[in-house]
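Colleague: what follows is a predicted protein model with its sequence.
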Amino acid sequence: MLFRSLSALAALGLFCAPFPDADAFGPPPKPLVQQSAEAKLLAEFTRFSALSDGTVGIAVRDLQTGETQALNGDTLFPMASAYKVAVAGRIFALIDAGELRLDDQLALDPALASEGGIAWMFSKPGATLSTERLLELMLQKSDNNATDVLVARAGGPQAITAFVTRLGVTGLRVDSDTVHLLYRAMSIHPLTGTFRQNAEAARRADPQLAVRDIRDLPNLAFAIEPEDTSTPRAMLDLLSAFQSGRALSPDSTQRLFTIMANCETGKARIVGMLPPGTAVAHKTGSLNGIGNDVGIVRLPDGRRFAVAIFVMKDSRGHASRDRIIAEASRAAYDYFLYAPDRAHGSPQKS
């Protein structure tokens, strides 16, 4: 009898106890139609990655909800020239702080000259270019010479990494200016001399360097080094910080994306398969066996998503890498434009 009374009291207590809050069970499950859309997107990313014999990293984010979908999103990839987005951010931060102006003239120090681009200008005594023009050359034409003038003015690679870290971005580091990044990619370690002299001497000493260039083959040792790398998610975090206004003033944010919207490289990458006229602000990166593109895409209804696509250790050539990037970009575009309402549940964080 006593056992029955205790059981009844226990049952009454359970019945009268307040129901747990919904949050106690975690976020509500995503609708099946949304789960299906996400699964199809990730399956497409996996299918495209098979076009490479290397490693592919893809991360995309809805900049309104924060929803992030990724393949190898936490893997480190060499940024190549995609690191120039971080350089630009640091330069615009200096402008916002009143330490630099877009019309300030910066000296073209011959010691910073490498190959191609505006390298010829560095031999002209007293040659200068405005900060704004250097930013345009760096982001639109990927000019390495303009970049290294800006890296020096930014305070060097460590100052750029510190800027990124202060934004709360982890998994992205800048360790070199472009000349020294290229030295590492070529596996040469000169102590003196110009870049051209050192590069030519290295090619004479090791004919395989020229073969690697001609055949666009990866330097596998360089690809696994931690210096000058980013994860796809970290690059999304940096782009998101710019887009949200957390990193720069409204004027600097607008100017940064306006310059990036006129990028002249990588026409077959992020923008390659998007509908004509799609607004894209992006920056490419390329080295032997490496192809990258990162940026922000505007949908027809005004919403935006960020995308970071990296390919490394690839020996199938730039056309294959470009196609991977273009296919993944278009899949993300269609997903964010047409997938069911994703207001249900919590967006993924990265």
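Modeller: Structure received.
Colleague: stretch 77-89: how far from the chain's middle?
Modeller: Centre-to-centre, stretch 77-89 and its host chain are 7 Å apart (C-alpha atoms, centre = their mean, to the nearest Å).
Colleague: report the buried residues of the helix or strand where Ala201 lies.
Modeller: Taking DSSP states H and E as the criterion, Ala201 maps to helix 195-205. Buried positions in helix 195-205, judged by neighbour count with 16 or more other C-beta atoms under 10 Å: 195, 198-199, 202-203. (Glycine included, C-beta is placed from N, CA and C.)
Colleague: now do the strands in the stretch 151-300 of the chain.
Modeller: In the stretch 151-300 of the chain, the segments counted as strands under DSSP state E, counting those that start in this stretch are 229-230, 280-287, 290-298.
Colleague: got CSV for the ones you listed, with mean pLDDT and mean neighbour count too?
Modeller: Below are the strands of the stretch 151-300 of the chain laid out as CSV (pLDDT from 0 to 100; neighbours: other C-beta atoms under 10 Å):
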stretch, mean pLDDT, mean neighbour count
strand 229-230, 98, 26
strand 280-287, 98, 24
strand 290-298, 98, 26
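Colleague: do you know which of these lies nearest Thr68?
Modeller: Thr68 sits nearest to strand 290-298 of all the strands of the stretch 151-300 of the chain, at 14.0 Å, using C-beta to C-beta.
Colleague: show me the shaky parts of the stretch 201-350 of the chain.
Modeller: 342-350 (pLDDT under 70).
Colleague: how about a markdown table for the buried residues of helix 195-205, with distance to Asn288 added?
Modeller: Shown next, in a markdown table, are these (distance: C-beta to C-beta, whole Å):
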| residue | distance to Asn288 |
| --- | --- |
| Phe195 | 17 |
| Asn198 | 17 |
| Ala199 | 13 |
| Ala202 | 14 |
| Arg203 | 13 |
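Colleague: closest to Val164 among the residues you listed?
Modeller: Phe195 (25.7 Å).
Colleague: contacts only, for that closest one.
Modeller: Listed by C-beta atoms under 8 Å, 6 or more residues apart in numbering, the contact partners of Phe195 are 113-115, 179, 182-183.
Colleague: now Ser286
Modeller: 80-81, 265, 292, 318.
Colleague: can you tell me what sits against the top helix by length along the chain?
Modeller: Under DSSP state H, the helix in the chain containing the largest number of residues is helix 318-338. The contact list for helix 318-338 (C-beta under 8 Å, 6+ apart) reads 37, 41, 44-45, 48-49, 51-52, 56, 58, 60, 62, 69, 216, 266, 268-275, 278, 286, 290-293, 297, 299-301, 303, 305, 307, 309, 311, 314.
Colleague: check stretch 71-80 too.
Modeller: 42, 45-46, 49, 55-59, 171-172, 181, 185, 222-223, 225-226, 228-233, 235, 285-287, 290, 292, 310-312, 350.
Colleague: next one: stretch 138-152
Modeller: Residues outside stretch 138-152 that contact it (C-beta under 8 Å, 6+ apart): 81, 84-85, 87-88, 91, 106-109, 112-119, 121-122, 129, 131, 133-135, 137, 157, 160, 177-179, 182, 259-260, 262-265, 283-284.
Colleague: run the last query once more with 7 Å
Modeller: With contacts defined as C-beta atoms under 7 Å, 6 or more residues apart in numbering, stretch 138-152 is touched by 81, 84, 87-88, 91, 106, 108, 112-114, 116-119, 122, 134-135, 137, 157, 177-179, 259-260, 262-265, 283-284.
Colleague: list the contacts of the residue most central in space within the chain.
Modeller: Nearest residue to the geometric centre of the chain (C-alpha atoms, centre = their mean): Met235, 3.8 Å. Met235 makes contacts with 172, 294, 308, as judged by C-beta under 7 Å, 6+ apart.
Colleague: isn't the second one up against Val280?
Modeller: No - counting by C-beta atoms under 7 Å, Val280 is not a contact partner of Val294; they are 10.8 Å apart.
Colleague: surely Leu248 touches Asp96?
Modeller: Yes - in terms of C-beta under 7 Å, Leu248 counts as a neighbour of Asp96; the distance is 5.9 Å.
Colleague: okay, those two: which has more neighbours?
Modeller: More neighbours surround Leu248 than the other of Leu248 and Asp96, with 20 against 16 (other C-beta atoms under 10 Å).
Colleague: which residues touch the more buried one?
Modeller: With contact taken as C-beta under 7 Å, 6+ apart, Leu248 is in contact with 89, 92-93, 96, 242, 256.
Colleague: buried subset of the residues you listed, written for PyMOL?
Modeller: With 16+ other C-beta under 10 Å as the criterion, this PyMOL line picks the buried residues out of the contacts of Leu248:
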select buried, resi 89+92+93+96+242+256
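Colleague: which two among the contacts of Leu248 are spaced furthest apart?
Modeller: Spanning the widest gap among the contacts of Leu248 are Asp96 and Phe242, at 12.2 Å by C-beta to C-beta.
Colleague: tally of neighbours for Pro226?
Modeller: Using other C-beta under 10 Å, Pro226 is surrounded by 9 other residues.
Colleague: for it, what are its contacts?
Modeller: By C-beta under 7 Å, 6+ apart, the neighbours of Pro226 are Leu76.
Colleague: rewinding a little: same list, the strands of the stretch 151-300 of the chain, but as JSON lines with distance to Arg323 please.
Modeller: Listed next are those as JSON lines, based on distance: least, C-beta to C-beta, whole Å:
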{"stretch": "strand 229-230", "distance to Arg323": "22"}
{"stretch": "strand 280-287", "distance to Arg323": "14"}
{"stretch": "strand 290-298", "distance to Arg323": "10"}
